[in-house]
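Undergrad: Predicted model follows, preceded by the sequence.
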Amino acid sequence: MIDILLPAWLGGIMLVLAAAPLGCCIIWHRLSCFGDTLAHSSLLGIAFGLLLNVNPHYTLMFLTVFITLILMTIENRPQLTMDTFLNIIANTALSLGFIVVSLMSNMRIDLIVYLFGDLLSITFYDLWIIIITMTLVLIILIWKWRHLLLITINREMAKVDGINVRYTRLILMFLTAILISIATKFVGALIITSLLIIPAATSRNFAKSPEQMAILAIIIGIISVTMGLAISAFYDTPAAPSVVLCSTMLFIFSILYSRNKN
């Protein structure tokens, strides 16, 4: 049992170390729907990978980066609001993904694994990939942390300070795309954004500063992964959904705490 749980726990922790502070930035920049769009689109990337007999995670990464570039080009277009574009792309990509999968009648595909992930399938080889990728994401996030905060507070002030707002937001969106493309295999396409958003939203009810919010989000994420895997081990429930439910319970507790405090 420990041979299965240990890589899953370590992999979950590494994902949380990058996902939690990145989730804080996503909330501050109101890009939660962007994460959902990439997550829903991931099924299309996986489907094309299987169709072309290519590693699905290569096509998934290519598709998420491609969608990020598209969204950056249309972000400032006045014709439709950003959330409308995101909704259209998310539902179109998800629907097209299901159609592509349905056309592969000669291939047995377990969609549940791709939709909800399999945290317990993490091997020590996967662990190295997660560690290298998440370390890279975390380094870039720390490097651009001050810029991301300034843009959140006041874009005009950030421009005066010499910060390229468009370039900085592009970096944030690329980091989100990379994390989602790596984490989808283990957490699943439908609930990957919960790994980003829920711990960050929970820590917001306790934190008094942006840095404190990021650190608390990491701690909350670690607690959620640990509790979720423990529940999965004892009750034989799916690991990733169990982690999400534990994270949601902590979020509910944070709301009750903030209400009682006020």
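TA: All right, it came through fine.
Undergrad: ok, then the element right after the helix or strand bottoming out on mean pLDDT in the chain?
TA: Among the helical and strand segments of the chain, the one scoring lowest on mean pLDDT, DSSP states H and E is helix 111-116, with a mean of 70. For helix 111-116, the following helix or strand on the C-terminal side (DSSP states H and E) is helix 124-143.
Undergrad: and that next one, average pLDDT?
TA: Taken as a whole, helix 124-143 has an average pLDDT of 90.
Undergrad: what's it packed up against?
TA: The helices and strands touching helix 124-143, judged by 3 or more CB pairs under 8 Å, 6 or more residues apart in numbering; DSSP states H and E, are helix 2-28, helix 165-187. In this view, the C-beta of every residue, glycine as well, is placed from N, C-alpha and C.
Undergrad: Count the neighbours of Asp161 for me.
TA: 12 (other CB atoms under 10 Å).
Undergrad: got the contact list for it?
TA: Leu150 (CB atoms under 8 Å, 6 or more residues apart in numbering).
Undergrad: if we can go back for a sec, for Gln212, which of the helices and strands packed on helix 124-143 is the nearest?
TA: helix 2-28 (10.2 Å; CB to CB).
Undergrad: which parts of that closest one are buried?
TA: For helix 2-28, a neighbour-count test (16 or more other CB atoms under 10 Å) marks 4-5, 7-28 as buried.
Undergrad: same thing with stretch 201-221?
TA: Buried residues in stretch 201-221 (16+ other CB under 10 Å): 201-207, 210, 213-218, 220-221.
Undergrad: Spatially nearest residue to Val244, not counting backbone neighbours?
TA: The shortest distance from Val244 to any non-neighbouring residue, by CB to CB, 6 or more residues apart in numbering, is to Ser194 (4.6 Å).
Undergrad: just checking, the one you found touches Ser247?
TA: Yes: counting by CB atoms under 8 Å, Ser247 is a contact partner of Ser194 at 6.4 Å.
Undergrad: which stretches of the stretch 101-250 of the chain have low pLDDT?
TA: Scanning the stretch 101-250 of the chain for pLDDT under 70 picks out the ranges 105-112, 190.
Undergrad: can you do 80?
TA: Applying pLDDT under 80 to the stretch 101-250 of the chain flags the ranges 101-118, 185, 188-192.
Undergrad: Including distance to Leu256, could the helices and strands packed on helix 124-143 go into CSV?
TA: Output for the helices and strands packed on helix 124-143, formatted as CSV (distance: least, CB to CB, whole Å):
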stretch, distance to Leu256
helix 2-28, 20
helix 165-187, 26
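Undergrad: Leu38: which of these is closest?
TA: helix 165-187 (4.8 Å).
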